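Asks: Next one to model:
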Amino acid sequence: MNRPKYRGRLAPSPTGLLHLGHARTFWVAQERARANGGTLILRNEDIDSTRFKLEFVPQMIEDLRWFGFEWQEGPDCPDQSGFGPYNQSERRPFYAAALEKLRERGFVYPCTCSRKDIRDAASAPNAGDDEEPIYPGTCRNKNLSTLNPVKGRGPHGALRPQLSTRFSWRFRVPDSETVSFVDGNLGAQQFVAGKDFGDFVVWRGDDVPAYQLACVVDDAAMQITEVVRGADLLMSTARQILLYRALGLTPPAFYHCALMLDEKGRRLAKRHDALSLRTLRERGETPELLRRF
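Replies: Numbers count the residues shown, from 1 in each chain. Alright, predicted model coming up:
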């Protein structure tokens with residue numbers, strides 16, 4: 001049986017300048033694609049218009065090319081320096097179709113809880129410093145049938161509710177089931193649904209597809225064979241494996257990289273402007289020196 005050709009991806013989000021931590025993880029992704037004679041795809045994760053800024057998109061592409069990244073696939077509209085990225089903002093109908101499938105199969109339910117409601121719930125345990133509180137199941141068994149979406153879609157391909165009430169759609173996790181996978185870098189991993197993470201949002205109340213759903217839909221559609229990303233997304237992988245199964249899709253392999261930390265032991269974030277690729281470039285640093293670093 002022939003193995004599928006390796007397909008990896010770079011998936012930055014234009015919510016700020018790329019920093020050294022992004023570069024290191026992306027470089028691992030590129031090296032693994034090269035080592036396997038595969039294809040590397042660039043995907044611009046710009047689905048959340050409330051967080052991204054348009055000016056970061058060309059800066060992101062410029063910084064990636066300056067650092068030495070080369071991707072081999074994008075839409076059939078190459079920019080001046082090669083193929084442009086796939087843009088999630090142009091793919092909403094695919095996410096809406098996946099949500100409809102999940103709804104028809106009974107894997108999701110409408111939830112009217114706000115973030116404050118969840119934080120204030122006495123029974124909502126904290127899943128960790130980088131995770132939102134575990135959803136206490138407030139709306140899980142409520143009769144909210146009147147909130148089911150009507151046939152058809154809105155102007156952006158999103159499902160529309162019958163009522164004006166704003167609500168999100170949550171994925172119903174199989175309580176107490178252990179989700180296991182073998183990470184290509186960190187080895188065997190397992191998380192218990194309902195204990196390590198609870199029912200999670202796949203479509204937000206402000207009509208935005210959530211990261212977990214958009215990521216699964218795109219990685220499957222783009223036939224990604226291995227996802228390379230930071231270790232802070234290990235638990236997201238467990239959630240996404242459940243989504244792959246619910247949608248009848250085969251998950252890719254996963255390779256999670258250790259996070260780069262600052263001098264105080266905190267993981268790098270886009271607030272670390274001094275370590276952004278753009279700032280380092282303006283200071284006269286070279287890509288060759290930074291790659292060795």
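
Asks: mind checking which helix or strand residue 220 is in?
Replies: helix 211-221 (DSSP states H and E).

Asks: who does that helix touch, helix- and strand-wise?
Replies: helix 92-104, strand 200-203, helix 234-246 (3 or more CB pairs under 8 Å, 6 or more residues apart in numbering; DSSP states H and E). In this view, the C-beta of every residue, glycine as well, is placed from N, C-alpha and C.

Asks: From residue 235, how far off is residue 105?
Replies: 23 Å (CB to CB, to the nearest Å).

Asks: Tell me which of these two has more neighbours.
Replies: residue 235 (18 against 11; other CB atoms under 10 Å).

Asks: Please report how far that one lies from residue 106.
Replies: 24 Å.

Asks: What of residue 5?
Replies: For residue 5 relative to residue 106 (CB to CB), the value is 35 Å.

Asks: circling back to that earlier point, need the helices and strands packed on helix 211-221 in TSV with distance to residue 216 and mean pLDDT, can you?
Replies: Converted to TSV, these look like this (distance: least, CB to CB, whole Å; pLDDT from 0 to 100):
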stretch	distance to residue 216	mean pLDDT
helix 92-104	8	96
strand 200-203	9	97
helix 234-246	5	98
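
Asks: So which of the ones you listed is the most surrounded?
Replies: Comparing the helices and strands packed on helix 211-221 by mean neighbour count (mean count of other CB atoms under 10 Å), strand 200-203 comes out on top with a mean of 25.

Asks: Which elements pack onto that strand?
Replies: Contact analysis of strand 200-203 by 3+ CB pairs under 8 Å, 6+ apart lists helix 92-104, strand 108-111, strand 168-171, helix 211-221 as its packing neighbours.

Asks: For stretch 224-233, the averaged confidence score.
Replies: Mean pLDDT, stretch 224-233: 97.

Asks: got the contact list for that stretch?
Replies: 4-9, 11, 21, 25, 28-29, 32, 38, 41, 130, 184, 186, 219, 237, 252-259, 267 (CB atoms under 8 Å, 6 or more residues apart in numbering).

Asks: Which of these fall in strands?
Replies: 7, 8, 9, 41, 253, 254, 255, 256, 257 (DSSP state E).

Asks: Could you verify my assumption that the first one touches residue 41?
Replies: Yes. Here residue 7 lies in contact with residue 41, judged by CB atoms under 8 Å, at a distance of 6.7 Å.

Asks: which one of these two has more residues nearby?
Replies: The neighbour count for residue 7 versus residue 41, taken as other CB under 10 Å, is higher for residue 41 (24 against 20).

Asks: which residue packs closest to that one, ignoring adjacent ones?
Replies: Spatial nearest neighbour of residue 41, excluding adjacent residues (CB to CB, 6 or more residues apart in numbering): residue 9 at 4.3 Å.

Asks: just to revisit the earlier point, let's have the helices and strands packed on strand 200-203 in a markdown table, adding distance to residue 291.
Replies: As requested, the helices and strands packed on strand 200-203 are exported to a markdown table (distance: least, CB to CB, whole Å):
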| stretch | distance to residue 291 |
| --- | --- |
| helix 92-104 | 35 |
| strand 108-111 | 43 |
| strand 168-171 | 39 |
| helix 211-221 | 26 |
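
Asks: which one of the ones you listed lies closest to residue 285?
Replies: helix 211-221 (31.0 Å; CB to CB).

Asks: now what about stretch 208-216, what contacts it?
Replies: Identification of contacts with stretch 208-216 by CB under 8 Å, 6+ apart yields 11, 45, 47-50, 88, 91-92, 95-96, 98-99, 158, 171, 200-204, 236, 239-240, 243-244, 247, 249.

Asks: can you do 7 Å?
Replies: Residues from elsewhere that reach stretch 208-216, judged by CB atoms under 7 Å, 6 or more residues apart in numbering: 47-48, 88, 92, 95, 98-99, 200-204, 236, 239-240, 243-244.

Asks: Residues in contact with both of residue 7 and residue 41, list them for me.
Replies: residue 222.

Asks: any idea how far residue 205 is from residue 114?
Replies: For residue 114, the distance to residue 205 - CB to CB - is 8 Å.

Asks: Kindly report the same for residue 68.
Replies: In terms of CB to CB, residue 68 sits 41 Å off from residue 205.

Asks: try residue 179
Replies: 26 Å.

Asks: swap in residue 173?
Replies: Distance from residue 173 to residue 205, by CB to CB: 19 Å.

Asks: of the two, who's got more company?
Replies: With neighbours defined as other CB under 10 Å, residue 173 and residue 205 compare such that residue 173 has more, 24 against 18.
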